[in-house]
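Visitor: 3D, please:
(2 chains)
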Amino acid sequence: MSYLFLIIGAIFVNNFVLSQFLGICPFIGVSKKTDTALGMGLAVTFVMGLASVFTYMINKYVLVPLGLDAFLQTIAFILIIAGLVQSVEIVIKKVSPALYSALGVYLPLITTNCAVLGVALLNITKSYNLLQSFLNGVFSGVGFTLAILLLAGIRERLRDSDIPEHFQGFPITLIAASIMSMAFGAFSGMFGI
Amino acid sequence: MKKLEIVKNGVLTQNPTFRLVLGTCPTLAITTTAMNGIAMGGAVIFVLLCSNMMVSLLRNVIPDKVRIPAYVLIIATFVTVVEMVMRKYMYSLYQSLGLFLPLIVVNCIILARADAFASVNKIFDSAIDGVSMGLGFTLSITTIGIIREFFGSGSFFGMEITPLVNSGITMTIFILPAGGFLVYGFMMALINYLVGRKDKKNSKSSEEKEIEIAEVNE
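Guide: Below you'll find the predicted structure:
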């Protein structure tokens, strides 16, 4: 049951983008069309799931036993994530060219997506175990995908709307995101998460 | 490039928050109070200054193919320094910035300046660029922080404005996530308006405008 709450919490209640402000750059930058938004969302979900597992293992079996976790954590995690993204790119390119053409362009961008490093660090602060870390990583990614997909849908409609000159582009996108965030705010406090 | 121009570029023309739209995560997340804005800004200025100087010094040594991981490693080192210093000497600020302190590593402003400026310029220019970009970021997020703190909790840099609190017109929405997006959106629209009016006065050629728009979209 606690796993179910963790999943609901990661997708809705503590939505990474709309209530924790992680991964705003791709959220604003890659949300012009729904299909690119979906591609970005899937790539992020995939990397977040993997990164959660790898950073957990490195932290537990390398950094903590050596007593390095206080000051090498950030550096070690960002290196793991950068390496992971690079290897995922190489593997996908070789194994599934179709998937690569769908996700390929988004992969390099993910290294500097703070949602990935954010989830890795949050897993440690909340002292999740391996399964919890993995679920938190994957379903936070699902929450990210949901948010970016919804915003892309709104932006596709906004393109044909009559928007005041100075609000065009980023400002109206941010205001739309604000209203979405208000809607997601209704989930806060649900199930005591 | 003239030194003064680099400063003006960082603080105004290419303001990282409002013109380049980089580093949006901390801009939205920690600006619930003005003090947080200044602390975050200070940390970013330090990291930008050090990483820009280091990248500039090593620009002929780092091979082009591995430059991004190398930059990330340099940035992560300085972020760890800031983190440790703040934990020791400014514990309350360290706690209120929380997760976003280690996340300076993936703040796009710093990587963007390392890649776009420091890797092709001399150390002194890079240092000036780092400080002025950081200053532009600090000014913007502190302004957002002042607005959100004023309307949301009825205080100014932590000092309570009693009539405002007593009349009960403070709006909690401003310190909630939704308020962050809202204030940022309206500020950006205001800045677009001001820049647009200035452009009309100077009757800027449309070509220059297009370049600017292209830069913003990047």
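Visitor: which stretches of chain B form strands?
Guide: Under the criterion DSSP state E, strands of chain B are mapped to B:155-156, B:159-160.
Visitor: gap between B:Met171 and A:Phe187?
Guide: Separation of B:Met171 from A:Phe187 (C-beta to C-beta, to the nearest Å) stands at 21 Å. To be clear about C-beta, it is placed using only N, CA and C from the backbone, and glycine gets the same treatment.
Visitor: Between those two, tell me which one has more neighbours.
Guide: Here B:Met171 and A:Phe187 are set side by side on neighbour count (other C-beta atoms under 10 Å in any protein chain shown), and the busier one is A:Phe187, at 18 against 13.
Visitor: my read: that one touches A:Ile11, true?
Guide: No: between A:Phe187 and A:Ile11 there is no contact under C-beta atoms under 8 Å: 9.2 Å.
Visitor: gap between stretch B:24-31 and the chain center?
Guide: On the basis of C-alpha atoms, centre = their mean, to the nearest Å, stretch B:24-31 is displaced by 9 Å from the centre of the chain it belongs to.
Visitor: State the mean pLDDT of that stretch.
Guide: The predicted model gives stretch B:24-31 an average pLDDT of 84.
Visitor: can you check stretch B:149-163 too?
Guide: Averaged across stretch B:149-163, pLDDT comes to 80.
Visitor: if I pick A:Ala120, what's in contact with it?
Guide: Remark: with contacts taken as C-beta atoms under 8 Å, 6 or more residues apart in numbering or on different chains, A:Ala120 is in contact with A:Ala51, A:Ser52, A:Thr55, A:Tyr56, A:Phe77, A:Ile80, A:Ile81, A:Gly137.
Visitor: Can you tell me which of those residues end up in helices?
Guide: Among the contacts of A:Ala120, the ones falling in helices (DSSP state H) are A:Ala51, A:Ser52, A:Thr55, A:Tyr56, A:Phe77, A:Ile80, A:Ile81, A:Gly137.
Visitor: would TSV of the residues you listed with distance to chain B be doable?
Guide: Formatted as TSV, the ones in helices among the contacts of A:Ala120 follow (distance: C-beta to the nearest C-beta, whole Å):
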residue	distance to chain B
A:Ala51	12
A:Ser52	15
A:Thr55	12
A:Tyr56	16
A:Phe77	8
A:Ile80	12
A:Ile81	9
A:Gly137	15
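Visitor: Tell me the one of these nearest A:Glu165?
Guide: Ranked by distance to A:Glu165 (C-beta to C-beta), the ones in helices among the contacts of A:Ala120 are led by A:Ile81 at 40.1 Å.
Visitor: could you dump the strands of chain B to JSON lines with distance to chain A and mean neighbour count?
Guide: Formatted as JSON lines, the strands of chain B follow (distance: least, C-beta to the nearest C-beta, whole Å; neighbours: other C-beta atoms under 10 Å in any protein chain shown):
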{"stretch": "strand B:155-156", "distance to chain A": "22", "mean neighbour count": "16"}
{"stretch": "strand B:159-160", "distance to chain A": "25", "mean neighbour count": "10"}
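Visitor: Of the contacts of A:Ala120 - the most surrounded one?
Guide: Neighbours here mean other C-beta under 10 Å. Within these, the largest count is held by A:Gly137, at 29 neighbours.
Visitor: State the pLDDT value of A:Ser133.
Guide: According to the prediction, A:Ser133 has pLDDT 91.
Visitor: didn't it look like it was pressed against A:Ala51?
Guide: No: with contact defined as C-beta under 8 Å, A:Ser133 does not count as touching A:Ala51 (9.6 Å).
Visitor: and A:Leu146, what is it in contact with?
Guide: Per C-beta under 8 Å, 6+ apart, neighbours of A:Leu146: A:Ile11, A:Asn15, A:Gly41.
Visitor: Let me have those in a markdown table, extended by pLDDT.
Guide: What follows is the contacts of A:Leu146, written out as a markdown table (pLDDT from 0 to 100):
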| residue | pLDDT |
| --- | --- |
| A:Ile11 | 86 |
| A:Asn15 | 85 |
| A:Gly41 | 86 |
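Visitor: So which of the residues you listed sit within helices?
Guide: For the contacts of A:Leu146, the ones inside helices are A:Gly41, with DSSP H as the criterion.
Visitor: Understood, closing this out.
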